[in-house]
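**Student:** okay, here's the prediction I keep looking at, along with the sequence it came from:
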Amino acid sequence: MIKWLEKRYALSQQGAKDLVKGCLACVLQNLSFMFPVGLLYRLVADLMNGGIPDERWSFYIGGCAVCVGLILLTTYLQYNATYFATYTESGVRRITLAERLRKIPLSFFGKKDLADLTSTIMADCTFLEQSFSHFIPELAGSILSTILISIGLLVMEWRMAAAALWVLPLSFAIVGFSSKVQERLNQKAMDVKMACADGIQECIESVRDLKANNVEQMYLKGLEKKIRAVEHRSILNEFGLAAFVVSASLLLKLGIVTVALTGSVLLINGSLDVLTFFLFLLVVSRLYDPLQGALQNLAAIISTRTNIARMNEILDHPLQQGDVTLSNDGYDIVFDRVGFAYHAGETVLKDVSFTAKQGEVTALVGPSGGGKTTVSRLAARFWDAGQGTITVGGMDISKIDPEALLSLFSIVFQDVTLFDNTILENIRIGNKDASDEQVLEAAKLANVDEFVEKLPDGWQTTIGENGCALSGGERQRISIARAFLKDAPIILLDEATASLDVENETLIQTALSRLIADKTVLVIAHRMRTVAGADQIVVLSEGTVAEKGTPEQLMKQNGLYAHMVKLQSESQQWKLT
């Protein structure tokens, strides 16, 4: 049962156990509410038999105290078993989802956007809180307690019990049969919500470009349509839910009518005494109110399937796993007949083979879309190759834990990601255990000190979201300082100087020259002059190795590389006229 709950509701093992405890606590609470009914029944019986004897007063006073005590105790247990446990489980779910995302292949993120994943971790987990603090325990508590009460009623007077209970299965069946309709409505509502969230995020991220092109009004009109679509879908969802719940609630209330009619007939025929008739009226009046809430809870639980499916999509996704112990002998990177595709039927790499030797610089060049960036990502196991093998020092990287493998790599991306923190702490990401002295030393090697000394707060300057307070060259130097601080034996440089001005490019190239000494270096570049001194050049075109060799050898072949060098030389002669 625990395993089923874990899978069905995307729970941890402890969360599933706490859910069972919450359901049992709700059962006890519902049963405790029936004790005053029994006490009232005895009181009415005494009054009909001539009054309350003096010795019975202590029984009723004590009974009232016991009823209050039981209700307080079971309510306390129910509150702790549902709300407190739910908030704990919600935190566990968010952490578990985040940890899972950390180990999922990056190919998964190509199919998802930031708004979607953020919504899953935050909004879907919040809905989980509501489900496990309100919906599921109360529904289970209502059903189980109703079953126990129904058994008692059937034993006491089966005809009256049948008159009271016949509406229950029909009412729950109406709501249960609405599951398919609700799932379709919820999925459509989720789709428009995600489209709206994407639009809002895109608007915020691209506001500069929207203003620059005077298209704010046009974009906001489209965004307004998405917001209206969310509103429209929310109304449809509420109507679809209400149509089934209200119908089931109306049917449920018919039970009171049938109890009254059946009781009246039996009373007239002398088959039922007044006291039993009175008791059944009391019980059904108490029984149907929580069941009406249970119908709403059942509908709410059905609607959680969409949210739970989104969480399970992350939790069930295959992980990149492997041995945490590295067994490499040296740091040569070897691609042996490697093939890869991001999506089925879309070949990105085909039969790629080359060796990036330790102590040498291997440059990846070629037309855009040729597979250069894909090769570098496969080398660091951001994705797994579909065919062939990739080894580092003879070690098959597909069998190595990605985090253990990445301890061998320092990566400098073209698009630098910085955090809203100080310059010192942004560099320390390269090695979280580094001392301030080590961070400063790495920063100086990357020429970061050249601009930090001009800042009012120096190394303690907070640089804003993604380093918005810094220029592109300054941000890139911080990225290189991280690589210096990590001091890994393999360096991946992905267009590290492509978008910089001449002055910053010179400074960063000087820093890179210090960084790559005696390491295995894989460089991606579009500017041919930046790879003119490489030990080996691999030219990738349409996902295959078109050429490879030293720059001199490739120039003599007069192939694709020589053509690219010629084109860039001609472009440098271009000027405004």
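**Tutor:** Yes, it's here.

**Student:** before we move on, what SS does the residue nearest to residue 249 when sequence neighbours are not counted have?
**Tutor:** Among residues not flanking residue 249 along the chain, residue 292 sits closest, at 5.2 Å (CB to CB, 6 or more residues apart in numbering). In this view, the C-beta of every residue, glycine as well, is placed from N, C-alpha and C. Of the three states, residue 292 takes helix under DSSP: H, G, I helix; E, B strand; the rest coil.

**Student:** surely residue 292 and residue 246 touch.
**Tutor:** No: counting by CB atoms under 8 Å, residue 292 sits too far from residue 246 to count as a contact (10.2 Å).

**Student:** which of the two has more residues huddled nearby?
**Tutor:** Between residue 292 and residue 246, counting by other CB atoms under 10 Å, residue 292 is the more crowded of the two (16 against 13).

**Student:** distance check, the more buried one against residue 205.
**Tutor:** Residue 292 sits 46 Å away from residue 205, going by CB to CB, to the nearest Å.

**Student:** next: residue 338.
**Tutor:** Relative to residue 205, and taking CB to CB, residue 338 is found at 34 Å.

**Student:** do residue 443 as well
**Tutor:** 29 Å.

**Student:** more crowded one of those two?
**Tutor:** Ranked by neighbour count (other CB under 10 Å), residue 443 and residue 205 place residue 443 first, with 25 against 11.

**Student:** what comes into contact with the helix or strand hosting the more buried one?
**Tutor:** Using DSSP states H and E, residue 443 falls within helix 436-445. Identification of contacts with helix 436-445 by CB atoms under 8 Å, 6 or more residues apart in numbering yields 423-424, 427-428, 430-431, 434, 449, 452, 459, 478, 481-482, 484-485, 511, 514-515.

**Student:** then stretch 215-227 to CSV, C-alphas only?
**Tutor:** Extracted in CSV, the C-alpha atoms of stretch 215-227 (Å, rounded to 0.1, in the frame of the first residue of the first chain):
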residue,chain,number,x,y,z
VAL,A,215,6.6,46.5,-30.4
GLU,A,216,5.6,46.6,-26.7
GLN,A,217,2.0,47.2,-27.4
MET,A,218,1.8,44.4,-30.0
TYR,A,219,3.5,42.0,-27.7
LEU,A,220,1.3,42.9,-24.7
LYS,A,221,-1.9,42.4,-26.8
GLY,A,222,-0.7,38.8,-27.5
LEU,A,223,0.1,38.4,-23.8
GLU,A,224,-3.4,39.7,-22.8
LYS,A,225,-5.0,37.0,-25.0
LYS,A,226,-3.0,34.4,-23.1
ILE,A,227,-4.1,35.8,-19.7
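
**Student:** buried stuff in that stretch?
**Tutor:** Using 16 or more other CB atoms under 10 Å as the test for burial, stretch 215-227 gives 219, 223, 226.

**Student:** contacts for it, please.
**Tutor:** In this structure, residues lying in contact with stretch 215-227 by CB under 8 Å, 6+ apart are 192, 195-196, 199-200, 203, 207, 210.

**Student:** show me those residues that map onto strands.
**Tutor:** Among the contacts of stretch 215-227, no member falls in strands (DSSP state E).

**Student:** now pLDDT and distance to residue 371 too, for these, in JSON lines please.
**Tutor:** Below are the contacts of stretch 215-227 laid out as JSON lines (pLDDT from 0 to 100; distance: CB to CB, whole Å):
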{"residue": "192", "pLDDT": "87", "distance to residue 371": "37"}
{"residue": "195", "pLDDT": "85", "distance to residue 371": "32"}
{"residue": "196", "pLDDT": "86", "distance to residue 371": "36"}
{"residue": "199", "pLDDT": "85", "distance to residue 371": "32"}
{"residue": "200", "pLDDT": "83", "distance to residue 371": "34"}
{"residue": "203", "pLDDT": "83", "distance to residue 371": "33"}
{"residue": "207", "pLDDT": "81", "distance to residue 371": "34"}
{"residue": "210", "pLDDT": "83", "distance to residue 371": "33"}
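
**Student:** burial of the closest residue in space to residue 80 that isn't next to it in sequence, as a residue count?
**Tutor:** Counting by CB to CB, 6+ apart, residue 25 is the residue found nearest to residue 80 once chain neighbours are left out, at 7.8 Å. For residue 25, the count of nearby residues is 22 (other CB under 10 Å).

**Student:** all set now, cheers.
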